[in-house]
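> Need coordinates for the below:
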Amino acid sequence: MLDRATTETGSIAGLMQDLGAKARKAARALALVPGDRKNAALNAMADAVLVNSIIILAENAADVERAEAAGMTGSFLDRLTLTEERVAAIAEGLRQVAALDDPVGQVIAAWDRPNGLKIERVRTPLGVIGVIYESRPNVTADAGALCLKSGNAVILRGGSDSARSSAAIHAAMVAGLRRAGLPEEAIQIVPTSDRSAVGEMLKGLGGNLDVIVPRGGRSLVARVQEEARVPVFAHLEGLCHVYVDRSANVDMAVSLVVNSKMRRTGICGAAETLLVDRAAADTHLRPILEALRVAGCEIRASGAVREYFPAALLASAEDFDTEYLDAIISVDLVDGVDGAIAHIETHSSHHTEAIVADDQAAADAFFAGIDSAILLHNASTQFADGGEFGMGAEIGIATGKMHARGPVGVEQLTSFNYRVRGAGQTRP
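Below you'll find the model as predicted:
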């Protein structure tokens, strides 16, 4: 894949510039494509994914075998591995994106001026989006679908560990574009694992790249944020917290904490730290920690927590700043909702936080006092997902405050312009 591409173009830089130029041309065409044609392409992609599921699974099995031989961790392998159910979910996700309202051309606001001018703020595509991701082959479909629906061309650069899986999914998406008569260059995948290709994307591909979305580990996202010459939608990590208030129903707290941590430990919405109201330590702490232990979770706790649950390991200061992405959780006691807010604001990555409480005033204080992209009351942190928000899918979770925050779906992949209509007005 690498040798043929570089031989044809002469260099990685030349290859990437060519991808950028093709993407820009496709983006101009997509901006004029009506929603029904984009939907036809997305549904055709879903059909192609299902028809080619055996090929996709075989290519994924080869990726997984290579990852296992390299000694990759369980959470990494979980993100990488596809099953029949996960391939079916990819196809269903494509259909869900097709069913969404087309954001392009939506009038966000409209008003009239005293001089008779009529002004509208209208959604427009961003243009060309670069997505850089690791070990998540489903991102190939999610990102491609969301960008297409929002009228954007996309350049996908997956990790070498998922290269075969991503290429097989991409082939199905190109088949869908072709069937709908849309430019195949609307969804391109970088045909090389050479890391310098990422550097070229960070430079902006000669002005052809409008925004970059990184999805991966801290080192990848940090590099993108530090080196990118174009805007970035990113989060460094998902250091998510669950706070159990003294007013929480014990059975609900047990269920939500175990699900938040253990449903899938390798996703960015998995809980990494549990905080329990000190006033609830006698009633809530042991049942929750025992349920976590039975579920196979390693518990790293403060000295105060170990007095109630000696089986826990003693946590270090670093544990409360760690995104484990594994069956490990840090636990501490705090002095009510104010103590939880203080701890979270000190240690959080501002991704997702949850409170379990029957006291509405406590939940309101938690929501008002926490500056994170997603806040939940009496619900699992594992709902921090664009699909669960009704967005069909997501291209990532943005924790910044400019343009997009939280799950990045089709609306977040648009900008807007102002359209002013007059009847000959001149400015005095």
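
> who's in contact with residue 257?
242, 244, 271, 274, 288, 291, 292, 356 (Cβ atoms under 8 Å, 6 or more residues apart in numbering). Where you see a C-beta, it was placed from the backbone N, CA and C, and this is true even at glycine.

> same question but for residue 250, I mixed them up
283, 284, 287.

> Which of those residues has the largest number of neighbours?
residue 284 (23 neighbours; other Cβ atoms under 10 Å).

> Isn't that residue up against residue 243?
No: contact between residue 284 and residue 243 fails when scored by Cβ atoms under 8 Å: they sit 11.2 Å apart.

> Can you check which residues contact both of those two?
276, 277.

> mind giving me the domain split of the chain?
2-233+408-420, 240-383 (automatic domain parsing).

> Quick one: residues contacting residue 200.
By Cβ under 8 Å, 6+ apart, residue 200 lies in contact with 12, 13, 16, 17.

> pretty sure the third one is in a helix, no?
If I follow you right, that is residue 16. Yes: when DSSP: H, G, I helix; E, B strand; the rest coil is applied, residue 16 is found to be in a helix.

> Please verify my assumption that residue 370 contacts residue 351.
No: using Cβ under 8 Å as the test, residue 370 is too far from residue 351 to be in contact (11.1 Å).

> so how many other residues sit close to residue 143?
Neighbours of residue 143 under the rule other Cβ under 10 Å: 28.

> The one 3 residues further on now?
Counted by other Cβ under 10 Å, the residues lying close to residue 146 total 31.

> Setting the sequence-adjacent residues aside, check what's closest to it.
Excluding its sequence neighbours, the residue lying closest to residue 146 (Cβ to Cβ, 6 or more residues apart in numbering) is residue 395, at 5.1 Å.

> Same check on residue 37?
Counting by Cβ to Cβ, 6+ apart, the residue nearest residue 37 is residue 180, at 5.7 Å.

> For the nearest residue to residue 277 once chain neighbours are set aside, give me its contacts.
Take residue 277 and drop its neighbours on the chain: the residue closest to it by Cβ to Cβ, 6+ apart is residue 246, 4.3 Å away. Applying Cβ under 8 Å, 6+ apart to residue 246 gives the contacts 277, 279, 280, 284, 336, 359.

> thinking again about what came up before, could I get the domains of the chain as CSV with mean pLDDT and distance to residue 426?
Below are the domains of the chain laid out as CSV (pLDDT from 0 to 100; distance: least, Cβ to Cβ, whole Å):
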stretch, mean pLDDT, distance to residue 426
domain 2-233+408-420, 91, 10
domain 240-383, 95, 46
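
> what about those, which gets the closest to residue 391?
Minimum separation from residue 391 across those (Cβ to Cβ) falls at domain 2-233+408-420, 3.3 Å.

> in the stretch 1-150 of the chain, which spans are strands?
Secondary structure of the stretch 1-150 of the chain, counting by DSSP state E, counting those that start in this stretch: strands at 107-112, 118-125, 128-133.

> and among those strands, the most buried is which?
Among those, strand 128-133 has the highest mean neighbour count (mean count of other Cβ atoms under 10 Å), at a mean of 28.
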